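Chemist: Fold the stuff below for me.
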Amino acid sequence: MGIRAVVWDVDDTLFDYTTADREGMRVHLAAEGLLAGYGSAEEALVRWREITEAQWARFAAGEVDFVTQRRDRTRVFLGRELTDDEADAWFQRYVRHYESAWSLFPDVLPVLDALAASHRHAVLSNSSQHVQDRKLRVLGVHDRFEAVLCAAELGVSKPEPGAFLAACDALGLPPGEVAYVGDHPEIDGRGAADAGLLSVWIDRSGDRASVEPPEGPRRIASLAELPAVLGGPDTRFGAPSSFG
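Modeler: Numbering: from 1, shown residues only. Reported below is the predicted structural model:
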C-alpha cells in the first residue's frame, strides 16, 4: 500500500524550539537580574539547556512526572530551595518570554500543504498533551493532525517502540504504512526505524559530517525533500536529498 500517513515530532521538527528557548531565556534572565551571575548570556543558556536535558531524561525514564521535572529544572538552575509555588511562578515567567518567540520553521506549511491530499497526519511527542495541544493551536496547525499523542499521557516515551506503535494504532495503520519525521537521530530516527516505521531524520544543521547518521532513518536537510522520500507526487517540494 505504500506510506499512507506521516507522524510528526514537534520540537525542532515543526516548531523552532531551540530559537524560542534561547531567545525566551535570554530575555527572562535579563528581566530576573540573573545574567550578571554568568560570564555571558550564552553561558547561562548552555547551563539551562544542560539542566533541561538532565531533568528531561529523568522524566523520560519515569522517575518524575512532567510538572516535577519543570520545577526541578528551575531549582537546579537557580541553585536554591524553592517551594512548588515559587518554582512554578518562576517557570511561568520564563514561559511568557519563551512563547513570545514561538514560530514554525519556514518549510513546514509548504510541505503540509503539499502532502495534505495524499497523506494522513498525526503528532507524537515526548512532551505532554496540554503543552503540545496549545502550542499547535497557537502556531495555527493543530487542525492539520488527526491525533496528537504525548509521552506524559501515553506512559511510554520515544525511542521505545510502544510510543511509535501507539501512534500507528491511533491512525489504524500498520507501521509499514506510516512514516515518522523527527529531529533527533536516535530518539526519533533509530526509534522509529526499530518500531518498523519509515523513519525520516530531519537534520537542519547543514553539515553532513556533523553527526554520523544511525542505521535505519533516511536523512534529509529540509522538509522540502520529504515528498520524494515518501514516494509522493513530483512537486517542487520533492527535491532530491542533499544528504544522499
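Chemist: With Asp107 as the reference, measure out to the residue with the largest distance to the centre of the chain.
Modeler: Farthest-out residue of the chain from its mean C-alpha position, per C-alpha atoms, centre = their mean: Ala36, at 31.0 Å. Taken as C-beta to C-beta, to the nearest Å, the spacing of Ala36 relative to Asp107 amounts to 39 Å. Any C-beta I mention is one placed from the backbone N, CA and C, and that applies to glycine too.
Chemist: before we move on, what about Ala224?
Modeler: 5 Å.
Chemist: list the contacts for Arg47?
Modeler: 38, 77 (C-beta atoms under 8 Å, 6 or more residues apart in numbering).
Chemist: ok, it to Gln55 distance?
Modeler: 13 Å.
Chemist: Also Val200?
Modeler: Taking C-beta to C-beta, one finds Val200 at 28 Å from Gln55.
Chemist: more neighbours, these two?
Modeler: Using other C-beta atoms under 10 Å, the more surrounded residue of Val200 and Gln55 is Val200, with 27 against 22.
Chemist: quick one: that one is in a strand?
Modeler: Yes. Secondary structure of Val200 (DSSP: H, G, I helix; E, B strand; the rest coil): part of a strand.
Chemist: is it in a bridge, and if so with what?
Modeler: Beta-bridge partners for Val200, by DSSP bridges, are Val181, Arg218.
Chemist: what's the pLDDT at it?
Modeler: We note a pLDDT of 97 for Val200 in this prediction.
Chemist: So for the lengthiest helix in the chain, what gets flagged as buried?
Modeler: If you go by DSSP state H, the chain has its longest helix at helix 41-60. Neighbour-count burial for helix 41-60 flags 44-45, 48, 51-52, 55-56, 59-60 (criterion: 16 or more other C-beta atoms under 10 Å).
Chemist: mind putting those in TSV, distance to Val181 and pLDDT included?
Modeler: Output for those, formatted as TSV (distance: C-beta to C-beta, whole Å; pLDDT from 0 to 100):
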residue	distance to Val181	pLDDT
Ala44	32	88
Leu45	27	86
Trp48	27	91
Ile51	28	96
Thr52	23	91
Gln55	26	95
Trp56	20	86
Phe59	23	87
Ala60	20	81
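Chemist: ok, which stretches of the chain are helices?
Modeler: Under DSSP H, the chain gives helices at 17-32, 41-60, 66-78, 84-99, 108-115, 129-138, 151-154, 161-171, 191-194, 226-230.
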